[in-house]
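Enquirer: The sequence isn't on hand, but the structure is:
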């Protein structure tokens, strides 16, 4: 049987052109986030199954690639349940591993700690445009900062990066989980049903207000609660006034500081932003992860037709490891989607370095090859990128291929 040459479904081979873009974006990420004080870290791609299945990852916990026990620990003949067979899994995001990492190393880290993490994650998901089963994630997190300064810094760093990558007219949608809960409480929904309400609300952009109303009715909620709830979404605007409306309307069930802090975040970002975007209050923004406890945000980009990043505050996750809650807030960009959009628009990497190709006639003797190698080395010292290749029979096609790779100058060497 012939071996399979195509990659596993949901995973892909990365060709040089894309790899060049990916490396450029990763370097830009390190450079930009580094200027905001974020420090690069790395966590293992394999995590304890208990951590991955701790009900912190929302729907992603249904998509875990699980790993069988190995050696003597794997006892297939006596296994009665999955737990007897599995002890670890591939990480589905970088937040759960970061929380474990911080819990294990906090004594050696500064406070607050600003972490930058890039790495592959795996989800047994249905592949589609911009979504794979193995994909790169890029997160920045601030641990140990309880004030809204964390949210402001995260949004500013992320939008600065997108601006440097030539993205324009995108929107940062922002909300707060406490406002979500207050709206549901004010409307009379039972607290134990909040998650059900939010799952339905999260479909608002696809099914509209009427669709949300229908689904809430199917769940058996009272018409009075549904009407009260949805009427607020008709009245809330997407600016500061919308936040102030929530502060006044929900004053009996919402700490006013929640709305005041959200207003400060929006005002501060809008005042000091250095990229072409808008920040918009969106009371329908839910974010699927159950671990969010405060402000949440997403990047909406028209040219993609959806989210290309998101995050929020998760002050209770680290406490699951240590028994003591630690303030935490993070923002993740959709690395794969960003790269895909850059490739689709034919993005050219800005570079000042010249790219030169040396084409050497086949069977060039060693005594003549040595000076060519020395010449190439001198040019490289001066910042020129030199690619040395043996001259092909179809030299025209060879040059066309190298031109497509960005080579603008060709030097030919013959054995004469």
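Expert: Structure received. The model shown is predicted, which means the values in this text are computed figures rather than measured ones.
Enquirer: My guess is residue 226 contacts residue 216. True?
Expert: Yes: under the contact definition of Cβ atoms under 8 Å, residue 226 touches residue 216, with a separation of 4.9 Å. Where C-beta positions appear, they are placed from N, C-alpha and C, glycine not excepted.
Enquirer: so how far is stretch 2-16 off the chain centroid?
Expert: The chain centroid and the centroid of stretch 2-16 are separated by 23 Å under Cα atoms, centre = their mean, to the nearest Å.
Enquirer: could you give me the average pLDDT of that stretch?
Expert: For stretch 2-16, mean pLDDT rounds to 91.
Enquirer: for stretch 153-166, same thing?
Expert: With pLDDT averaged residue by residue, stretch 153-166 scores 96.
Enquirer: Also stretch 310-320?
Expert: In this model, stretch 310-320 carries a mean pLDDT of 94.
Enquirer: just stretch 399-410 next, same as before
Expert: Model confidence over stretch 399-410 averages 88 on the pLDDT scale.
Enquirer: can you give me the helices in this protein?
Expert: Counting by DSSP state H, one finds helices in the chain at the ranges 16-35, 49-52, 95-105, 149-164, 177-187, 194-201, 204-218, 223-235, 240-249, 256-272, 319-322, 335-344, 366-381, 395-404.
Enquirer: Distance to residue 309 and mean neighbour count for these - can I get that in CSV?
Expert: Converted to CSV, these look like this (distance: least, Cβ to Cβ, whole Å; neighbours: other Cβ atoms under 10 Å):
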stretch, distance to residue 309, mean neighbour count
helix 16-35, 12, 15
helix 49-52, 22, 17
helix 95-105, 13, 21
helix 149-164, 7, 22
helix 177-187, 18, 21
helix 194-201, 20, 18
helix 204-218, 16, 14
helix 223-235, 24, 14
helix 240-249, 22, 18
helix 256-272, 15, 17
helix 319-322, 25, 16
helix 335-344, 8, 19
helix 366-381, 37, 12
helix 395-404, 31, 12
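Enquirer: and the ones you listed as TSV, adding distance to residue 84?
Expert: Conversion of the helices of the chain to TSV gives the following (distance: least, Cβ to Cβ, whole Å):
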stretch	distance to residue 84
helix 16-35	40
helix 49-52	12
helix 95-105	23
helix 149-164	41
helix 177-187	37
helix 194-201	30
helix 204-218	39
helix 223-235	45
helix 240-249	49
helix 256-272	45
helix 319-322	24
helix 335-344	35
helix 366-381	58
helix 395-404	54
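Enquirer: Nearest to residue 359, out of those?
Expert: Evaluated over these, closeness to residue 359 peaks at helix 395-404, with 7.1 Å, by Cβ to Cβ.
Enquirer: could you say what helices and strands that closest one packs with?
Expert: Other elements packing on helix 395-404 under the criterion 3 or more Cβ pairs under 8 Å, 6 or more residues apart in numbering; DSSP states H and E are strand 355-360, strand 385-390.
Enquirer: so which of the helices of the chain comes closest to residue 75?
Expert: Ranking these by distance to residue 75, with Cβ to Cβ as the measure, places helix 49-52 first at 16.4 Å.
Enquirer: quick one: that closest one to chain centroid distance?
Expert: 21 Å.
Enquirer: again, but for stretch 155-162
Expert: If you compare the mean C-alpha spot of stretch 155-162 with that of the full chain, they lie 13 Å apart, counting by Cα atoms, centre = their mean.
Enquirer: Now tell me what touches it from outside.
Expert: Outside stretch 155-162, the residues within contact range by Cβ atoms under 8 Å, 6 or more residues apart in numbering are 28-29, 32-33, 36, 38, 140, 170, 172, 174, 265, 269, 272-275, 277, 279, 297, 299, 309, 331, 333, 338.
Enquirer: Any regions of the stretch 251-400 of the chain where pLDDT drops low?
Expert: Applying pLDDT under 70 to the stretch 251-400 of the chain flags the ranges 289, 352.
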